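**Q** just need the structure, nothing else, for what follows:
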Amino acid sequence: MRAADFMVCFAYMVITRDTRKQTAVTPAKTARESDAFEQTLRPRMIADYIGQSDVKSHLLVHMEAARKRSEPLGHTLLHGAPGLGKTTLAHIIGREMNAQVRVTSGPAIEKPGDLASLLTNLESGDVLFIDEIHRMRPAIEEVLYSAMEDYCLDLVIGKGPTARSMRLELKPFTLVGATTKAGAISAPLRDRFPHVFKLSFYTREEMEQVVERTSRILQIQLAGGVADRIACSCRATPRIANRLVRSVRDFAQVKSESTITMDRVRSTLDALGIDEAGLDRTDRAILSAIVDKFGGGPVGLSTLAAITAEEEDTLEDVYEPYLLQQGYLHRTPKGRMATRQAYELLGLNVPDTMQSALFS
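**A** Here you go, the predicted structure:
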């Protein structure tokens, strides 16, 4: 590219950049930011990452192959429920590949100039992590296509008859996208990811390992059986496990208890409204509404949202996945229905009139 063309393109990027909004697009991590990240409960290396064995085994193969070719890892899409470790895996990929990780999110990239600023500042092999990538605007996605495939950036300079297109060469990089709604990503963008991994809910044994690891990091002494009891109430999600361990620690510290006992765990979870199955007050309110007010269902999502005073998206994205996964809820074309497990959880008998509807 000629120097004059580069200056024109640079001027375009500066002019189109919204300085006030640009602060939401996080640049390369500084040493202080990296230290803060490492002081959290997130594992640093893939060997320390608990669970998701299939995802880890595939990532290890792809990363080793990329290192042998002296190339960046292929673009990677991580999708799954919130709190399962997508952000953690993105940082682990950067550390395993000895690359810097630049972090942003789909809603934070408002204009093509925002994305151009990020991409042109990437060094060879850097990892660009875009959280909630399904929320990017279509105009942003179109700029990203050529960057992902050809490591170049196509920009239009000027308007009207004087407008002309320019192409900027980019250094090879790895795009890691994370989303809780893989179906909301457009097909052209999804197809440009050679590696697509779905993160699943954790098993009870894996959750117990997460609780024990968190306790060691926080220097908490657990009595026998406590880790398993907390693991049962974590909704099979590490983020919730970390939050519950911190809560139990705080309650015990206020009472000047050096060891977390089973009684302390039970009293803390009761205070938080969380039962042994990991369901909170809203979960039980959803099931109770279906059973008590609608005879077990079916009932529409909008009706449930009105009764529980929650947004429809919150019910569908936050509460329903775990209830469905654990078998407490059944989603039908007519609406949501309570299952046998839901009746047993609430201490009720399944009505005879519901038997055929539930189990036919």
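**Q** can you pull out the low-pLDDT segments for the stretch 151-300 of the chain?
**A** 158 (pLDDT under 70).
**Q** make it 80
**A** With pLDDT under 80 as the threshold, the stretch 151-300 of the chain has low-confidence stretches at 154-167, 295-297.
**Q** and the helices in it?
**A** Listed in chain order, the helices found in the stretch 151-300 of the chain under DSSP state H, counting those that start in this stretch are 187-190, 204-217, 226-232, 238-254, 262-272, 281-288, 294.
**Q** tabulate those helices (a markdown table), appending mean neighbour count and distance to Glu110.
**A** Where C-beta positions appear, they are placed from N, C-alpha and C, glycine not excepted. As requested, the helices of the stretch 151-300 of the chain are arranged in a markdown table below (neighbours: other C-beta atoms under 10 Å; distance: least, C-beta to C-beta, whole Å):
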| stretch | mean neighbour count | distance to Glu110 |
| --- | --- | --- |
| helix 187-190 | 14 | 17 |
| helix 204-217 | 19 | 36 |
| helix 226-232 | 22 | 41 |
| helix 238-254 | 19 | 28 |
| helix 262-272 | 16 | 38 |
| helix 281-288 | 19 | 33 |
| helix 294 | 18 | 42 |
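**Q** any idea which of these gets closest to His79?
**A** Each of the helices of the stretch 151-300 of the chain was scored for nearness to His79 using C-beta to C-beta, and the closest is helix 187-190 (9.5 Å).
**Q** which helices and strands does the closest one pack with?
**A** For helix 187-190, the contact count by 3 or more C-beta pairs under 8 Å, 6 or more residues apart in numbering; DSSP states H and E identifies helix 138-150 as packing neighbours.
**Q** what residues does the helix it packs on touch?
**A** Around helix 138-150, the neighbours that count as contacts under C-beta atoms under 8 Å, 6 or more residues apart in numbering are 75, 109, 111-112, 114-116, 119, 136, 152-155, 167, 170, 175, 186, 188-189, 192.
**Q** among those residues, which ones are in strands?
**A** Judged by DSSP state E, the subset of these located in strands is Cys152, Leu153, Asp154, Leu155, Arg167, Leu175.
**Q** just the buried members of those?
**A** Buried positions within these, assessed by neighbour count (16 or more other C-beta atoms under 10 Å), are Leu153, Asp154, Leu155, Leu175.
**Q** residue contacts, the residue lying closest to Asp283 once chain neighbours are set aside?
**A** The shortest distance from Asp283 to any residue that is not its chain neighbour, by C-beta to C-beta, 6 or more residues apart in numbering, is 5.9 Å, and that residue is Tyr319. Counting by C-beta under 8 Å, 6+ apart, Tyr319 makes contact with Thr282, Asp283, Ile286, Glu310.
**Q** phi, psi of Tyr319?
**A** Here the main-chain torsion angles of Tyr319 (degrees, to the nearest 10) amount to phi -100, psi -40.
**Q** report the secondary structure element holding Ile92.
**A** For Ile92, the element it lies in under DSSP states H and E is helix 86-96.
**Q** got the angle between the next helix or strand after that helix and helix 86-96?
**A** Sequence-wise, the next helix or strand beyond helix 86-96 is strand 101-105, with elements assigned using DSSP H and E. Computed with axes from the mean of the first three to the mean of the last three C-alpha atoms, to 10 degrees, the direction of strand 101-105 lies at 160 degrees from that of helix 86-96.
**Q** ok now the helix or strand encompassing Thr314, how far from the chain's centre?
**A** Element membership of Thr314, judged by DSSP H and E, is helix 312-314. For helix 312-314, the distance from its own C-alpha centre to the chain's C-alpha centre is 17 Å (C-alpha atoms, centre = their mean, to the nearest Å).
**Q** buried residues, that helix. List them.
**A** Result for helix 312-314 [16+ other C-beta under 10 Å]: no buried residues.
**Q** list the buried residues for the next helix or strand after that helix?
**A** Where DSSP H and E defines the elements, the next helix or strand beyond helix 312-314 is helix 320-325. Residues of helix 320-325 classed as buried: Glu320, Pro321, Tyr322, Leu323 (neighbour count, 16+ other C-beta under 10 Å).
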